[in-house]
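*Asks:* what shape does this take:
(chains A, B, C and D)
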Number of protein chains: 2
Amino acid sequence: MDLQPRQISQDKLLKIGELAEQTGVAVGTIRYYETLDLIHPVQRGESGYRFYDKSAIRRLQFIRKAQSLQFTLADIQQVLGIRQQGTTICPLVQDLLDHKITHLGEQIERMQSLKSDLEVYRQQWLDRPFDDPRSQELCSLIEGVTYQESTPKSHHLEKEL
Amino acid sequence: MDLQPRQISQDKLLKIGELAEQTGVAVGTIRYYETLDLIHPVQRGESGYRFYDKSAIRRLQFIRKAQSLQFTLADIQQVLGIRQQGTTICPLVQDLLDHKITHLGEQIERMQSLKSDLEVYRQQWLDRPFDDPRSQELCSLIEGVTYQESTPKSHHLEKEL
DNA sequence: CTTGACTCTATAGTGAGCTATAGGGTTTAT
DNA sequence: ATAAACCCTATAGCTCACTATAGAGTCAAG
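*Replies:* Numbering: from 1, shown residues only, chains lettered A, B, ... in the order given. Predicted coordinates:
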């Protein structure tokens, strides 16, 4: 009956499938993210269809980048959620960022250390003939690598990022 | 009736609770790892109790280290499993190591890049007064960071490690 | 004006890595 | 000899991040 169901459209808006295609994030995943308040459509059509603007693309890209770096959706929720509430909670953001930066630094160090452990291991493996019985010992190269964590409860770190 | 239930004990063996305490890995988790063949007791008492030697401690530490660096239990299974079968599958180990080393390098790079993004973001946040309306824009600093992945299907990487 | 591709909601299932519980047996200290 | 603290198996449940399914409505092309 109405001529234009998308009244507000300044630019062209994207339906969820189009957004999915442009970002490589599955439709179902986008809807799932919405239940977590990670992303919302700028409007809904009368039919209930979701419509997104271009910022949704950047938003999804940000989420994917953070995720690929081991940030959980809860982490991302925090960062994005705090933003939405304006600037009154800056110290909180500050803490969060400091925390993440520190943890990231630690994790990079540990990954670098494991990487060189593995490189040593690989080199030893290469230098040795297949049937050398001492290959058994090589495991100590891996098993023996020093491993100190900041907290005694080893599970803590993984949740800290 | 028998004087020493632990016949073979050259050194003193650990019961599962002691192993758990010494490593910080929960008893239930150790039993769970056993179902995955990641670790086994050196013997069972007549009662069915598990007894471990010291190598079990190093084994669990290795597993935790690898895990904290995003290796899955399946990855660890492979590395440890291959070891157990001797040296006949060296090329496979080689591939696995190469693969992991490469991926680790990539991930380190990406983490470094995110870290500096976050440092910029934090600095900007610090430089700006709490009530500055432009704080909104800061999000583009995070949302706008360049994000290129090696594969178009973004989910692949996480499973590759 | 119908067909097919798309969308909606709601709910259930997946896999990884555990954690908890039930219902029992064993060891150890008093 | 009895109670606490430990151990056993088997099974169920949990969190995270999705993915799939059912059952229904909507939109765009021919």
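
*Asks:* once you drop chain neighbours, what's closest to residue A:110?
*Replies:* Take residue A:110 and drop its neighbours on the chain: the residue closest to it by CB to CB, 6 or more residues apart in numbering or on different chains is residue B:69, 6.3 Å away. C-betas here are computed from N, CA, C, even on glycine.

*Asks:* which residues touch that neighbour?
*Replies:* A:110-111, A:114, B:104 (CB atoms under 8 Å, 6 or more residues apart in numbering or on different chains).

*Asks:* switch the cut-off to 10 Å
*Replies:* Shown in contact with residue B:69 (CB atoms under 10 Å, 6 or more residues apart in numbering or on different chains): A:107, A:110-111, A:113-115, A:118, B:75, B:100, B:104, B:107, B:161.

*Asks:* and those, which are buried?
*Replies:* Buried by 16 or more other CB atoms under 10 Å in any protein chain shown: A:107, A:110-111, A:114-115, A:118, B:75, B:100, B:104, B:107, out of those.

*Asks:* and those as CSV, adding secondary structure?
*Replies:* Shown next, in CSV, are the buried ones among the contacts of residue B:69 (DSSP: H, G, I helix; E, B strand; the rest coil):
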residue, secondary structure
A:107, helix
A:110, helix
A:111, helix
A:114, helix
A:115, helix
A:118, helix
B:75, helix
B:100, helix
B:104, helix
B:107, helix
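
*Asks:* please enumerate the strands of chain A.
*Replies:* A:14-15, A:43-44, A:50-52 (DSSP state E).

*Asks:* so which elements touch the second one?
*Replies:* This means strand A:43-44. Secondary-structure packing of strand A:43-44 (3 or more CB pairs under 10 Å, 6 or more residues apart in numbering or on different chains; DSSP states H and E): strand A:50-52.

*Asks:* buried residues, the strand it packs on. List them.
*Replies:* Residues of strand A:50-52 classed as buried by neighbour count (16+ other CB under 10 Å): A:50-52.

*Asks:* tell me which of the buried ones among the contacts of residue B:69 is nearest to residue A:21?
*Replies:* Nearest to residue A:21 out of these is residue B:107 (CB to CB; 27.2 Å).

*Asks:* quick check: that closest one vs DNA strand C, distance?
*Replies:* 16 Å (CB to the nearest atom of the strand, to the nearest Å).

*Asks:* so who does the nearest residue to that residue once chain neighbours are set aside touch?
*Replies:* Nearest-residue entry for residue B:107: residue A:111, 6.7 Å, with adjacent residues in sequence omitted and distances by CB to CB, 6+ apart. Residues in contact with residue A:111, defined by CB under 10 Å, 6+ apart, are B:68-70, B:104-105, B:107-108, B:111.

*Asks:* if we go to 6 Å?
*Replies:* Residue A:111 makes contact with B:69, B:104, B:108, according to CB atoms under 6 Å, 6 or more residues apart in numbering or on different chains.

*Asks:* okay, it: pLDDT?
*Replies:* According to the prediction, residue A:111 has pLDDT 79.

*Asks:* and for residue A:32?
*Replies:* At residue A:32, pLDDT is 97.

*Asks:* shaky segments in chain A?
*Replies:* Applying pLDDT under 70 to chain A picks out residues A:1-11, A:81-94, A:96, A:121, A:124-161.
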